[in-house]
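Peer 1: Dropping a prediction and its sequence here:
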Amino acid sequence: MNDYSGMAGLGFGVLLVGLIVYLGTLALALWIGYLIMRTAVKNGVLLADEERARRAGGFPPGAGPRPPMPPGRPY
């Protein structure tokens with residue numbers, strides 16, 4: 001008298017929903033990790049650029065150091 005034919009596809013449906021939730025959670029975790037890493041690298045590059053400019057004498061962006069003095073001229 002045990003007829004489970006009405007619930008035969010329920011196990012597959014639960015498995016499918018569980019797999020979709022698992023993959024969605026994994027994708028969300030990877031995306032958030034990517035955004036955190038991208039922000040960290042961007043901030044690190046900006047900080048390195050500021051440090052480089054500070055060590056080089058604070059040249060404005062796009063401007064290089066002054067050309068060397070011609071020989072025989074005092075400083």
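Peer 2: On my side now, so go ahead.

Peer 1: what's the average pLDDT for the helix or strand where L26 lies?
Peer 2: Assigned by DSSP states H and E, L26 belongs to helix 10-55. On average, the pLDDT along helix 10-55 is 92.

Peer 1: Count residues in the vicinity of A53, would you?
Peer 2: Here the count is done by other C-beta atoms under 10 Å, and A53 has 13 residues near it. Glycine gets a C-beta too; all of them are placed from N, C-alpha and C.

Peer 1: How about L23?
Peer 2: Neighbours around L23, by other C-beta under 10 Å: 10.

Peer 1: how close does it sit to L47?
Peer 2: The gap separating L23 from L47 is 36 Å, by C-beta to C-beta, to the nearest Å.

Peer 1: now do V21
Peer 2: With the distance defined as C-beta to C-beta, V21 ends up 39 Å from L47.

Peer 1: cool, and I32?
Peer 2: 23 Å.

Peer 1: do the same with V41
Peer 2: 11 Å.

Peer 1: and what of L26?
Peer 2: 32 Å.

Peer 1: again with G11
Peer 2: From G11 to L47 the distance is 54 Å (C-beta to C-beta).

Peer 1: try G24
Peer 2: 35 Å.

Peer 1: again, but for L28
Peer 2: 29 Å.

Peer 1: And for A53?
Peer 2: A53 is 11 Å from L47, by C-beta to C-beta.

Peer 1: Same question for A56.
Peer 2: Counting by C-beta to C-beta - A56 and L47 are separated by 15 Å.

Peer 1: One more: L19?
Peer 2: Between L19 and L47 the computed distance is 42 Å (C-beta to C-beta).
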